[in-house]
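1. let me see the structure of the following:
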Amino acid sequence: MDIAALRTANPDHWSKATAIRALTLDAVAAANSGHSGMPMGMADVATVLYEKHLKFDAAAPDWPDRDRFILSAGHGSMLLYALLHLTGYQDMTIAQIRNFRQWGAITAGHPEYGHAKGIETTTGPLGQGIANSVGFAMAEEILRARYGRKLVDHHTYVIAGDGCLMEGISHEAIGLAGRYRLGKLIVMWDNNDITIDGPVSLSDRTDQVRRFKAAGWHVQEIDGHDPAAIDAALTAAKSSKKPSMIACKTHIALGHAAQDTSKGHGALTDADQMAAAKAAYGWTSGPFEVPADVKSAWEAIGKRGAKDRAAWEIRLSDASNQRQAEFSRIMAREAPKKLSARIKALKKQISEEGPKLATRKSSEMVLEVVNPIMPETVGGSADLTGSNNTRSGDMTAFDIDNRKGRYVYWGVREHGMAAAMNGMALHGGIRPYGGTFMCFTDYARPAMRLAALMRIPSVFVMTHDSIGLGEDGPTHQPVEHLAISRATPNTYVFRPCDTVETAEAWEIALTSTETPSVLSLTRQGLPTLRLEHKNTNLTAKGAYVLAEAEGKRQAILIATGSEVEIAMQARDLLQAEGIGTRVVSMPCMELFAEQDAAYRKRVLPGGAVRVGIEAAVRLGWDQWLLGERGRDIKADFVGMSGFGASAPAETLYEKFGITAQATVEKVKALL
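-> Just a heads-up that it's a prediction; the model follows:
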């Protein structure tokens, strides 16, 4: 690559792009770790994007109608940090750049949502960013249809690398964007032919251009170091009605001794090689120094959107008071005031009628009363709508000719669905929920983990949650999945025992602002156990006494979901033999752990023997069986120790010993 020719052809552009490269080299060298090559290779593309196309105002980073920029190739985080610093984002100081990858700095190894303004999503696990972008673009379409172009009209831009496009989730994302014709989504592929192990050809031969075209994308191929070509391609992409992919042919670690090698992917810290690269760039400033004229040129780019933003604020103030209030409410993730009353009314109705329902059906009943008053909810399912019960009667399908639709048919794409849901939540103005079978949390898991890490309230509706699904067998029967989700920090895992608890769980999920929820719901019918109506949301306590012991309390049965019914049956048998038995329903272990010690002691006092009952593995239960005043010799568990089998549900519960009688025998053995 002729660096001298690039310098002389577009000197103004070159100086701005070189500031990104120089800051990247300095920060990675200071940290002695990081990824230099990608920011150095994509600096030209990023410079043109920010200078001529991205609608943003560095002084108002949360402006709802800004364009969104997602760095899917999150290892190249210094590209984003350099852009934020150069354009004048207040929190991205040069001190933060100097402290790249250090304790307490907002400049983490991979961009983390919430650490700094201008970071739209947490990326690093490759493919997640491009899949998030589908949700961002869908959210923009839905909100534009509802509020009009005066309030919502922006693009979502993505920089993705070879690794993002190799990850399987990219195929799900590309297919969704093409099917739903998300014309405001523009992906710039860093086509540098290099992976950590060597050239891309070592492990892949995919023709990415034809792949995107086959999925219904508008595709262009350009020289990723030619600013005029980059500008023209972005202009053409913005005028297409299809999602756009721009294949940007670039040189990783441009101008460095490691250019076009796998070494260029990682940390380039050799002082002599750095000096030689900067000399080739014509960069004479010291480490972490940007010439005043270059910095002011970048800051002018950061202010370019101020006029647009001010005009948008006037348009918002011209909207009706009701429209302004609703727009502000949904952007702030505030639930409507009516929600609590709707939930209480449903709970009262159920307690009075006492129906026997699968909790997946209970969930649908909640959605029927909630969705009409929460226009921000967007539901969906990974090709299991009739099984997950996720579509309420008022919902129409989101589609090319119905952008107001609030129900998404995701197809068999659990991972793509979960990541796009995260994108919707991150965009703002949308509360996404999506369904699949509980065992397929395995397919959605990386995105579920990132929802927890990013502190966003995505809701994962997981039905068919145990051997209770019956004949589909062990491939579809989750046994370890509750433990996996419960092991994830900042995640609420709800396993309601009836429709009342299901309504309470949904109320918590839909009012959460920083914690994702997993709803573990049954295929099989369950009786209503909460027959005495209480306005209080007992599920919010995590666990509570459902039935008190009569006479001296000798046993406490702790159960969740479908097994609370078994605990109540066991209590009847034990009480008939004079053994005083308390039943504790524990719909959410995480919320119970958050209660104060005094409340936990009231629910789980010492002395009595304890048996936990759940049609899943024991992992995670000993906190309640052995801890909280429990003892090893006074505790046992009724549940699964291996995989399930194919048979009717009743047979499976009997054969695996998850019965009232088995519970009684364990209590007696402990006594």
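
2. for the stretch 401-550 of the chain, what spans make up the strands?
-> Taking DSSP state E, counting those that start in this stretch as the test, the strands found in the stretch 401-550 of the chain are 407-409, 431-437, 459-463, 492-494, 517-520, 525-526, 544-547.

3. need those in a markdown table (columns: mean neighbour count and distance to T24).
-> In this view, the C-beta of every residue, glycine as well, is placed from N, C-alpha and C. Formatted as a markdown table, these follow (neighbours: other Cβ atoms under 10 Å; distance: least, Cβ to Cβ, whole Å):
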| stretch | mean neighbour count | distance to T24 |
| --- | --- | --- |
| strand 407-409 | 23 | 38 |
| strand 431-437 | 26 | 34 |
| strand 459-463 | 27 | 37 |
| strand 492-494 | 27 | 39 |
| strand 517-520 | 28 | 38 |
| strand 525-526 | 20 | 57 |
| strand 544-547 | 19 | 54 |
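
4. closest one to Q322 among the ones you listed?
-> strand 431-437 (19.5 Å; Cβ to Cβ).

5. against which helices or strands is the closest one packed?
-> Packing partners of strand 431-437 (3 or more Cβ pairs under 8 Å, 6 or more residues apart in numbering; DSSP states H and E): strand 377-381, helix 385-388, helix 414-427, strand 459-463.

6. I'd like these as CSV, with mean pLDDT and distance to E167 appended.
-> Shown next, in CSV, are the helices and strands packed on strand 431-437 (pLDDT from 0 to 100; distance: least, Cβ to Cβ, whole Å):
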stretch, mean pLDDT, distance to E167
strand 377-381, 98, 21
helix 385-388, 98, 25
helix 414-427, 99, 9
strand 459-463, 99, 20
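
7. figure out which of the strands of the stretch 401-550 of the chain is closest to Q102.
-> Using Cβ to Cβ, the nearest of the strands of the stretch 401-550 of the chain to Q102 is strand 492-494, at 32.2 Å.

8. that closest one packs against which elements?
-> Here strand 492-494 touches helix 481-486, helix 499-511, strand 517-520, helix 589-594, going by 3+ Cβ pairs under 8 Å, 6+ apart.

9. try it again with 6 Å
-> On a contact count with 3 or more Cβ pairs under 6 Å, 6 or more residues apart in numbering; DSSP states H and E, strand 492-494 meets strand 517-520.

10. what average pLDDT does the strand it packs on get?
-> Per-residue pLDDT values over strand 517-520 give a mean of 99.

11. which stretch among the strands of the stretch 401-550 of the chain comes nearest V366?
-> Among those, strand 517-520 sits nearest to V366 (Cβ to Cβ), with 9.8 Å.

12. partners of that closest one, with directions?
-> Strands that pair with strand 517-520, judged by DSSP bridges, come out as strand 459-463 (parallel), strand 492-494 (parallel).

13. distance from the last one to the middle of the chain?
-> By that I understand strand 492-494. Counting by Cα atoms, centre = their mean, to the nearest Å, strand 492-494 is centred 15 Å from the centre of its parent chain.

14. JSON lines for the strands of the stretch 401-550 of the chain, including distance to A559?
-> As requested, those are exported to JSON lines (distance: least, Cβ to Cβ, whole Å):
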{"stretch": "strand 407-409", "distance to A559": "34"}
{"stretch": "strand 431-437", "distance to A559": "22"}
{"stretch": "strand 459-463", "distance to A559": "19"}
{"stretch": "strand 492-494", "distance to A559": "14"}
{"stretch": "strand 517-520", "distance to A559": "13"}
{"stretch": "strand 525-526", "distance to A559": "12"}
{"stretch": "strand 544-547", "distance to A559": "9"}
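
15. nearest to A275, out of those?
-> Short answer: strand 431-437, nearest of the strands of the stretch 401-550 of the chain by Cβ to Cβ, at 49.2 Å.

16. state the phi and psi torsions of the residue nearest to L546 when sequence neighbours are not counted.
-> Among residues not flanking L546 along the chain, S585 sits closest, at 4.4 Å (Cβ to Cβ, 6 or more residues apart in numbering). When read as degrees, to the nearest 10, the backbone of S585 gives phi -90, psi 130.

17. rewinding a little: okay, the strands paired with strand 517-520 in TSV with distance to F398 next?
-> Output for the strands paired with strand 517-520, formatted as TSV (distance: least, Cβ to Cβ, whole Å):
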stretch	distance to F398
strand 459-463	17
strand 492-494	26
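
18. out of these, which gets nearest to A616?
-> strand 492-494 (10.9 Å).

19. for the closest one, give the mean pLDDT please.
-> 99.

20. what's next to stretch 219-234, contact-wise?
-> 10, 13, 44-45, 48, 52-53, 209, 212-213, 245-250 (Cβ atoms under 6 Å, 6 or more residues apart in numbering).
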